[in-house]
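> Next comes the sequence, and after it the predicted model I'd like to discuss.
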Amino acid sequence: MTQRFAFEALDKTLRDILGVKDDANRLKLFGSMPILLGGDFRQILPVIPKGKRQEVIHACINRSYLWHHCQQHTLSHIMRVNEYSADGSHDARKHAFNKWVLDVVEGKVPARCKDGEDEPTWIKIPDEFIVRTEKPPIEAIVDTIFQDFTVKQEDEEYLRERAILTPRNDYAAQINKHMFKILEGASMTFKSSDEICKGSTDTLDQHHAYPVEFLNKLNFSGVPPHKLKLKIGQPVMLLRNLCPSAGMCNGTRLIITDFQKFVLQARIITGSHIGKTVIIPRIFLTSTQTKWPFVMQRIQFPVRPCYAMTINKSQGQSLKFVGLYFPKPVFSHGQLYVALSRVTDPSGLKIVMVDDTDEHLKGHTRNVVYKETFFNLNHDL
């Protein structure tokens, strides 16, 4: 269900619930209850698998009939990169960075076209952010962001304040695999239990057509792999809400402190429960919105290594050192903006662009902006 239709379903549900007690509220939006909608249309829009541009835009809440009844409020100060010091002085360098990032997401930075393209989407990245080295790309970004890693690999603050962001899961997996090799510590491989949910198919012998060995090889977004390799001291990210009151939420980063066959012990390093030790069990995880004619159920620990993570998964994170690894450029609205805006200081942003073969576009990367998303918004900062 898309974001727009989800809110319309919520509206109908609240009307039905409140209408039992108060018929006068039945025809009012959300049963006359005040509803707070939070979000930024500059960031990544609702994900529509294989959806076209118009389908993604149409899925946004500002395309719903409810939007005309919403009162818009906008933030007036950027908090992640604070332009003012404790004594009230203004940092012109940070101000210039904030303005450049906003110009990027609003499509105001001058862009160029590649041969054969109709829309100019390639923008120049300032040289101060680009990593130039003869090393292989993964080694280059790792050495830049995780300096002195062998000495500080167990330092929680060191791990908390840095990460590498990349557009796709397979790119992040390559970096995490590289970091796993150089991380010292005891390791263990945890294998999942996979099966097809019987209620997701009408074919009784579906398990014969798709044996367990085949299911083990499948990887889905938001679902850990069949073989999950972990080491003590390795940072991981939760993929599900396990216990929000204890700080175990989707997106929380932790450090593995111990493990057994059916349980992980970890210490939280982000959020409001920093330093708390928690236990992570195996849980049932299901795949959704896939090309396969079934829903797969996987029993596995809901974590993934997070030295590197996808740009989509990094939303909400604040980091002092951010490395952007672009074997291929971003491919959806707001991805480049989200990646650039995770850093708390411009000096901590470094970028490695691998697909940089066009001599006329050296130091350029793609910036995808759906400007029509902003047509009915009051988002001046």
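Nice, I can see it. Numbers count the residues shown, from 1 in each chain.
> And for K261, the neighbour number?
If you count neighbours by other C-beta atoms under 10 Å, K261 ends up with 7. The C-beta positions use only the backbone N, C-alpha and C, and glycine is treated the same way.
> did I read that right, it in a helix?
No: according to DSSP: H, G, I helix; E, B strand; the rest coil, K261 belongs to no helix; its state is coil.
> show me the residues around I138 that make contact.
Contacts for I138 (C-beta atoms under 8 Å, 6 or more residues apart in numbering) come out as 174-175, 178, 325.
> Roughly how far does G316 sit from T252?
Using C-beta to C-beta, to the nearest Å, G316 is found at 10 Å from T252.
> out of those two, which sits in the more crowded spot?
T252 (24 against 13).
> so what's the most centrally placed residue in the chain up against?
By C-alpha atoms, centre = their mean, the chain has its centre lying nearest to K313, at 1.6 Å. By C-beta under 8 Å, 6+ apart, K313 lies in contact with 237, 251.
> ok, and the closest non-adjacent residue to L324?
Residue nearest to L324 in three dimensions, not counting chain neighbours: I351, with 4.3 Å by C-beta to C-beta, 6 or more residues apart in numbering.
> Just after the host helix or strand of that neighbour, pick out the following helix or strand.
Per DSSP states H and E, I351 falls inside strand 349-353. The first helix or strand that comes after strand 349-353 along the chain, using DSSP H and E, is strand 364-366.
> Over stretch 159-175, what's the mean pLDDT, rounded is fine.
Confidence over stretch 159-175 (mean pLDDT, whole number) is 95.
> Run the chain-centre distance for that stretch.
Chain-centre distance of stretch 159-175: 10 Å, with C-alpha atoms, centre = their mean, to the nearest Å.
> Just the CA coordinates for it, please, in CSV.
Provided in CSV are the C-alpha atoms of stretch 159-175 (Å, rounded to 0.1, in the frame of the first residue of the first chain):
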residue,chain,number,x,y,z
LEU,A,159,32.4,3.6,15.2
ARG,A,160,29.3,5.7,16.1
GLU,A,161,30.4,8.9,14.2
ARG,A,162,31.3,7.4,10.8
ALA,A,163,29.8,5.2,8.1
ILE,A,164,30.0,4.7,4.3
LEU,A,165,26.9,5.3,2.3
THR,A,166,26.1,3.8,-1.1
PRO,A,167,23.1,3.5,-3.4
ARG,A,168,22.6,-0.3,-3.5
ASN,A,169,22.7,-3.2,-1.0
ASP,A,170,25.2,-5.2,-3.0
TYR,A,171,27.7,-2.3,-2.9
ALA,A,172,27.3,-2.0,0.9
ALA,A,173,27.8,-5.8,1.2
GLN,A,174,31.1,-5.5,-0.7
ILE,A,175,32.4,-2.9,1.7
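> Show me the contact partners of that stretch.
Here stretch 159-175 makes contact (C-beta under 8 Å, 6+ apart) with 138, 141-142, 145-146, 153, 219, 221, 235, 253, 255, 269-270, 274, 306-311, 314, 317, 319-331, 335, 339, 342, 348.
> That'll do, ta.
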